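J.: Return a 3D structure for these sequence lines:
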Amino acid sequence: MEKVFLLDIGGTNVRYALAEKGKTSIEKIFKKNIGSESLDKLLEDLLTTESGKVLNIVISAAGPKLDGIIKMTNRSYKIDPNEIKEKFSLKECHLLNDWESIAYGHAYLNQKDCINLINKEVSSYNKNSLYFGPGTGLGVSILLDDQIVISSEYGNTNIGVEELIGEDLSKLHHFKSIEDTLSGKAISKIYEIKTRKNLSAEEIFSQAKNDDLVAKEIIQDFIERLAIILSDLTLSFLPGRGIYLAGNLTRSLKDFINTKIFEEKFLSNKASPHLEILRNTPINIITKEHSPLYGNLNYFNLSQKD
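T.: Purely as a prediction, here's the structure:
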């Protein structure tokens, strides 16, 4: 059986797996920390497996894909699939933005892989879905008509930042983009401004669980900003099949979300018919880990049908 090697390259580690062509499951996923090694050295170490030489690869990575090439935003890697294919004598090499991969991975989700936040019992008003994830940065992609995936750099836009974060924070502390207000680094930065302590977002979540009032306040403000942004994105892209929140930070958030308050913020300041659109757009959290690898596998399988 022909196999495909799946890689999801992050800022500090790479997750990878070997899967069979045409299958929808991945038996075992591995993780490797990335040091200062070059991209070529990383691939050279990974591409010789116990089952022999790999001929097909699908890579996902953070960064805009321009002319088929990704210059990663969190590492100094320039990933060119044509160069990789030639250098390693591959049959096929495909490259996806990490949020493209998450959208492609939707086809391999089942009911137990998602938790609904609001608007569960509604009918789809079209075949569009939106994928959103605050993490180290902020990722957004769209699946149109259940077929076409479009990634975006929405996190780097800046309209409405002052309104979201407050004028004082925005001007005094350099909150310039949506990503600056809605990401793990946003949680850490605001906590440091308020307490003079430099903690990671995950550490701040732990503090909140231990009744740190500042941490709790920051997380609740974050959730309200999330609801406001998702409301605007809903009216921008009309995701009738729903919004899907993904990533480790989102999974950490779910324990802090008061769905009543979240829904109020999501619906606030809207009137008919736009209010009906919002009320008919379900919002879900993807609980399944390693979504990009499953998306890479689905993309490869779809490419074989052409």
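
J.: need the strands for the stretch 151-300 of the chain, in chain order.
T.: Per DSSP state E, counting those that start in this stretch, the stretch 151-300 of the chain carries strands over the ranges 242-245, 283-286.

J.: The last one pairs with which strands, parallel or anti?
T.: If I follow you right, that is strand 283-286. Sheet pairing for strand 283-286, assigned by DSSP bridges, gives strand 114-118 (antiparallel), strand 242-245 (parallel).

J.: Of the ones you listed, which is nearest T73?
T.: strand 242-245 (20.3 Å; C-beta to C-beta). (Glycine included, C-beta is placed from N, CA and C.)

J.: Residues in contact with that closest one: which ones?
T.: 102, 106, 114, 117, 119, 124, 129-133, 230, 233-234, 253, 281-286 (C-beta atoms under 8 Å, 6 or more residues apart in numbering).

J.: Give me the buried entries from these.
T.: Taking 16 or more other C-beta atoms under 10 Å as the criterion, what is buried in the contacts of strand 242-245 is 102, 106, 114, 117, 119, 129-133, 230, 233-234, 253, 281-286.

J.: Now, those residues that are in helices?
T.: 102, 230, 233-234, 253 (DSSP state H).

J.: now those in a markdown table, with pLDDT?
T.: What follows is those, written out as a markdown table (pLDDT from 0 to 100):
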| residue | pLDDT |
| --- | --- |
| I102 | 96 |
| L230 | 97 |
| L233 | 97 |
| T234 | 97 |
| L253 | 94 |
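
J.: which one of the residues you listed sits closest to G247?
T.: Comparing those against G247 with C-beta to C-beta picks out I102 as the nearest, at 8.4 Å.

J.: do you know how far the closest one is from E121?
T.: Distance, I102 to E121, by C-beta to C-beta, to the nearest Å: 25 Å.

J.: hmm, back to that, kindly reformat the strands of the stretch 151-300 of the chain as a markdown table containing mean pLDDT and distance to K91.
T.: Shown next, in a markdown table, are these (pLDDT from 0 to 100; distance: least, C-beta to C-beta, whole Å):
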| stretch | mean pLDDT | distance to K91 |
| --- | --- | --- |
| strand 242-245 | 97 | 32 |
| strand 283-286 | 97 | 31 |
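
J.: Including distance to Y154, could those go into CSV?
T.: Below are these laid out as CSV (distance: least, C-beta to C-beta, whole Å):
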stretch, distance to Y154
strand 242-245, 13
strand 283-286, 17
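
J.: between these, which one is nearest to L46?
T.: Closest among those, using C-beta to C-beta: strand 283-286, at 25.8 Å.

J.: mind saving the C-alpha coords of the closest one as PDB?
T.: Taking Å, rounded to 0.1, in the frame of the first residue of the first chain, the C-alpha atoms of strand 283-286 are listed here in PDB:
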ATOM      1  CA  ILE A 283     -20.000  27.600  17.400                       C
ATOM      2  CA  ASN A 284     -18.000  24.500  18.300                       C
ATOM      3  CA  ILE A 285     -14.700  23.700  19.900                       C
ATOM      4  CA  ILE A 286     -12.600  21.000  18.200                       C
END
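
J.: gap between it and the chain center?
T.: 12 Å (C-alpha atoms, centre = their mean, to the nearest Å).

J.: Now tell me what touches it from outside.
T.: Strand 283-286 is contacted by residues 102, 109, 113-119, 230, 242-246, 250-251, 253-254, 266 when judged by C-beta under 8 Å, 6+ apart.
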